[in-house]
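Visitor: Test case, fold it:
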Amino acid sequence: MKRLLRYTLLRLLLTIPMLFILLTLVFIVLRVMPGDPVRAVLGAHAPPHVIEQKRIELGLDKPLVVQYFSYLGRLARFDLGDSMIYKQRVSQPIKEKLPATLELSVMGMLFTFFIGIPLGAFSASKRRSARDLGIRLYGNVVYCIPVYWMGLMLQLVFGIWLGWLPIAGRTGPRVFGSAFERTGFYLLDTLLAGNMSAFADVFVHLLLPSITLGIVLSGVFVRLTRANMLDALMSDYVLAARARGVGEGRVVYRHALKNALIPILTMLGLQFALLLANAILTETTFSWPGVARLLLERIYLRDYPTVQGVIVVFALIVSLISLVVDVLYALVDPRVRY
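Guide: Residues are numbered from 1 along each chain as shown. Okay, here's the model as predicted:
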């Protein structure tokens, strides 16, 4: 237990410099990007004295070093600052839109697991067969497909041609927002409100974007699961189970798959970061009102504080997920603690 606690504290301490480096890079990149945020706010035809006054008001007239340490000082006080474009705190739109992105990401990851891991295990159990070749081909193809293209194709087939699923938004026009005022997670809030018709509507709207994310990312887990399953199926304990007459299905899915899942946990943290990156394109494709779409909009507007605030939140979420995954890995495999 002491080793596990020491390992957890060490991983937590290593997260701090990683966040520091990321925030520094974001700060520098935003300020070397072409375009003037003040002119984006006031327009290209604003008088020079008005532009200069606004620049002083936003603190952009100060040296970059002063702006940088001022930014770090606000972060140390858990203050993300004020938007340059709108008269609001940066935390306000993030708080409103973050539940939508997390809900989409969690559902997308669930679809990734339910598609990728069973297919990878089945492929390994049917090694060098036509089914194995087909699943490996699927994994390679979906890994190379752009997520926005996959979203557009699913919209075209299931939304336009078949008319089975909605292609945009989180809810239909008949579902009102009064049922979603508790947490912002629509699936949870509709269940808490006991409104099953609203729950069904929210779930149906969530299907296409989450399936899009799930399919695209499942290619990684198909290949990873298959590779680890092949090693597991050649292990001594699998040979012993077969020698005892244990059924092939139980050998594959109860013995081998359980041990093959250990390395897959490590990939979870990395894939969650990729999931948030793909969420930007998915939210744009499906008009999903999440924080990833907010990030893209504010990049166009050169709203430095909001862009930095969204990236800080993303970095914290990814770091937290990676920390939890590493701790779970250490619990499953005690060798990691040493």
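Visitor: which residue is nearest the centroid of this structure?
Guide: For the chain, L276 is the residue whose C-alpha lies nearest the centre (CA atoms, centre = their mean; 2.7 Å).
Visitor: quick one: it from V313, how far?
Guide: 10 Å (CB to CB, to the nearest Å). In short, each C-beta sits where N, CA and C put it, glycine included.
Visitor: residues contacting the residue nearest to the centre of the chain?
Guide: Counting by CB atoms under 8 Å, 6 or more residues apart in numbering, L276 touches 101, 105, 292, 314, 317-318.
Visitor: if you set the cut-off to 6 Å instead, what comes out?
Guide: F314 (CB atoms under 6 Å, 6 or more residues apart in numbering).
Visitor: pLDDT below threshold where in the stretch 201-338 of the chain?
Guide: Low-confidence segments of the stretch 201-338 of the chain (pLDDT under 70): 269, 330, 332-338.
Visitor: ok, which stretches of it are helices?
Guide: 236-243, 248-250, 257-285, 291-300, 304-332 (DSSP state H, counting those that start in this stretch).
Visitor: Just the buried positions in the third one, please.
Guide: In terms of neighbour count (16 or more other CB atoms under 10 Å), helix 257-285 has its buried residues at 257, 259-261, 264-266, 268-269, 271-276, 278-285.
Visitor: What are the buried residues along the strand or helix carrying F114?
Guide: F114 is part of helix 91-125, with elements assigned from DSSP states H and E. Within helix 91-125, the residues scored as buried using 16+ other CB under 10 Å are 91, 93-94, 97-105, 107-109, 111-113, 115-125.
Visitor: and the helix or strand following it, what's its mean pLDDT?
Guide: Beyond helix 91-125 on the C-terminal side, the first helix or strand identified by DSSP H and E is helix 130-144. On average, the pLDDT along helix 130-144 is 91.
Visitor: What is helix 130-144 packed up against?
Guide: helix 91-125, helix 196-233 (3 or more CB pairs under 6 Å, 6 or more residues apart in numbering; DSSP states H and E).
Visitor: possible to save the ones you listed as CSV with distance to A76?
Guide: Converted to CSV, the helices and strands packed on helix 130-144 look like this (distance: least, CB to CB, whole Å):
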stretch, distance to A76
helix 91-125, 15
helix 196-233, 34
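Visitor: Which of the ones you listed sits closest to Y304?
Guide: helix 91-125 (14.4 Å; CB to CB).
Visitor: tell me the angle of that closest one relative to helix 257-285?
Guide: Angle of helix 91-125 versus helix 257-285, following axes from the mean of the first three to the mean of the last three CA atoms, to 10 degrees, is 140 degrees.
Visitor: and the angle for the helix holding F114 with helix 291-300?
Guide: 120 degrees.
Visitor: Now do helix 91-125: which elements does it pack against?
Guide: Using 3+ CB pairs under 6 Å, 6+ apart, helix 91-125 is in contact with helix 130-144, helix 196-233, helix 257-285, helix 291-300.
Visitor: how about those helices in a markdown table, adding distance to V251?
Guide: Formatted as a markdown table, the helices and strands packed on helix 91-125 follow (distance: least, CB to CB, whole Å):
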| stretch | distance to V251 |
| --- | --- |
| helix 130-144 | 17 |
| helix 196-233 | 8 |
| helix 257-285 | 9 |
| helix 291-300 | 42 |
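Visitor: Tell me which of these lies nearest to G59.
Guide: The closest of the helices and strands packed on helix 91-125 to G59 is helix 291-300. By CB to CB, the value is 17.7 Å.
Visitor: Can you point out the buried residues in that closest one?
Guide: For helix 291-300, using 16+ other CB under 10 Å, the buried residues are 291-295, 298-299.
Visitor: Which neighbouring elements make contact with that helix?
Guide: For helix 291-300, the packing partners by 3+ CB pairs under 6 Å, 6+ apart are helix 91-125, helix 257-285, helix 304-332.
Visitor: JSON lines for these, including distance to M150?
Guide: Formatted as JSON lines, the helices and strands packed on helix 291-300 follow (distance: least, CB to CB, whole Å):
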{"stretch": "helix 91-125", "distance to M150": "12"}
{"stretch": "helix 257-285", "distance to M150": "9"}
{"stretch": "helix 304-332", "distance to M150": "22"}
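Visitor: what's the closest of those to P63?
Guide: Across the helices and strands packed on helix 291-300, P63 has its closest neighbour in helix 304-332 (15.5 Å, CB to CB).
Visitor: what inclination does that closest one have with respect to helix 91-125?
Guide: 40 degrees.
Visitor: So for helix 304-332, what gets flagged as buried?
Guide: 304-315, 317-319, 321-323, 325-327, 329-330.
Visitor: and if you look at stretch 224-232?
Guide: Buried residues in stretch 224-232, counted by 16+ other CB under 10 Å: 224-226, 228-230, 232.
Visitor: that older thread, identify whichever of the helices and strands packed on helix 291-300 lies nearest to L10.
Guide: Smallest distance to L10 across the helices and strands packed on helix 291-300 (CB to CB): 9.7 Å, for helix 304-332.
Visitor: could the buried residues of helix 291-300 go into a markdown table alongside distance to V38?
Guide: Formatted as a markdown table, those follow (distance: CB to CB, whole Å):
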| residue | distance to V38 |
| --- | --- |
| V291 | 25 |
| A292 | 26 |
| R293 | 24 |
| L294 | 21 |
| L295 | 21 |
| R298 | 15 |
| I299 | 16 |
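Visitor: I'd like to check what contacts stretch 227-239. Which residues are they?
Guide: So stretch 227-239 is contacted by 121, 124, 251, 255-256, 259-260, 263 (CB under 6 Å, 6+ apart).
Visitor: Much appreciated, bye for now.
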